[in-house]
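Peer 1: Need coordinates for the following:
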Amino acid sequence: QVQLVESGGGLVQAGGSLRLSCAASGRTFSTYAMGWFRQAPGKEREFVAAINRSGNTYHVDFVKGRFTISRDNAKNTLYLQMNSLKPEDTAVYYCAARVGGGYSVTPAYYDYWGQGTQVTVSS
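Peer 2: Numbers count the residues shown, from 1 in each chain. Purely as a prediction, here's the structure:
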């Protein structure tokens, strides 16, 4: 069983920055592919970024150049650095872990999820 706990969300003005963290339990964090997803009210959960065991990353087009996913395996922690935030980035952000296999943009392929952290960007 893997437990994921997100932190770092909050209220920020448009153009501002936040860094989300996702702390993972267990000693096999380095073997997981990890992803960040978000869900706005009334919308489906959508993929934001992912990173595999080797550190290779993939970011969805609408965050490229603004968001950066990274991981620190020594700290069992996943990060999402978010810059140049826009009001449309407002959502609950979730981290997810996939045991076995590479990263995916599909939520169903992930095995464990955090509880989410709220990000609100004011205009």
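Peer 1: can you count the residues close to the nearest residue to residue 83 once chain neighbours are set aside?
Peer 2: Once flanking residues are discounted, residue 83 sits nearest to residue 17: 4.7 Å by C-beta to C-beta, 6 or more residues apart in numbering. For glycine as for every other residue, the C-beta is placed from the backbone atoms N, C-alpha and C. Using other C-beta atoms under 10 Å, residue 17 is surrounded by 11 other residues.
Peer 1: Surely residue 17 touches residue 81?
Peer 2: Yes. Residue 17 lies in contact with residue 81 (C-beta atoms under 8 Å); the separation is 7.3 Å.
Peer 1: Give the full set of residues in contact with residue 29.
Peer 2: Listed by C-beta atoms under 8 Å, 6 or more residues apart in numbering, the contact set of residue 29 reads 2, 71, 73, 76, 97.
Peer 1: quick one: it from residue 102, how far?
Peer 2: Note on residue 29: its distance to residue 102, by C-beta to C-beta, to the nearest Å, is 16 Å.
Peer 1: Just give the closest residue to the residue nearest the centre of the chain, not the sequence neighbours.
Peer 2: Centroid-nearest residue in the chain: residue 36, 2.4 Å away (criterion: C-alpha atoms, centre = their mean). In space, and not counting its chain neighbours, residue 36 is closest to residue 48: 4.4 Å by C-beta to C-beta, 6+ apart.
Peer 1: Could you double-check that the one you found lies in contact with residue 66?
Peer 2: No. Residue 48 is beyond contact range of residue 66, at 10.5 Å (criterion: C-beta under 8 Å).
Peer 1: Looking at those two, which one has more neighbours?
Peer 2: residue 48 (25 against 15).
Peer 1: still on that earlier bit, format the contacts of residue 29 as JSON lines; extra columns: neighbour count.
Peer 2: Converted to JSON lines, the contacts of residue 29 look like this (neighbours: other C-beta atoms under 10 Å):
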{"residue": "2", "neighbour count": "17"}
{"residue": "71", "neighbour count": "22"}
{"residue": "73", "neighbour count": "14"}
{"residue": "76", "neighbour count": "19"}
{"residue": "97", "neighbour count": "23"}
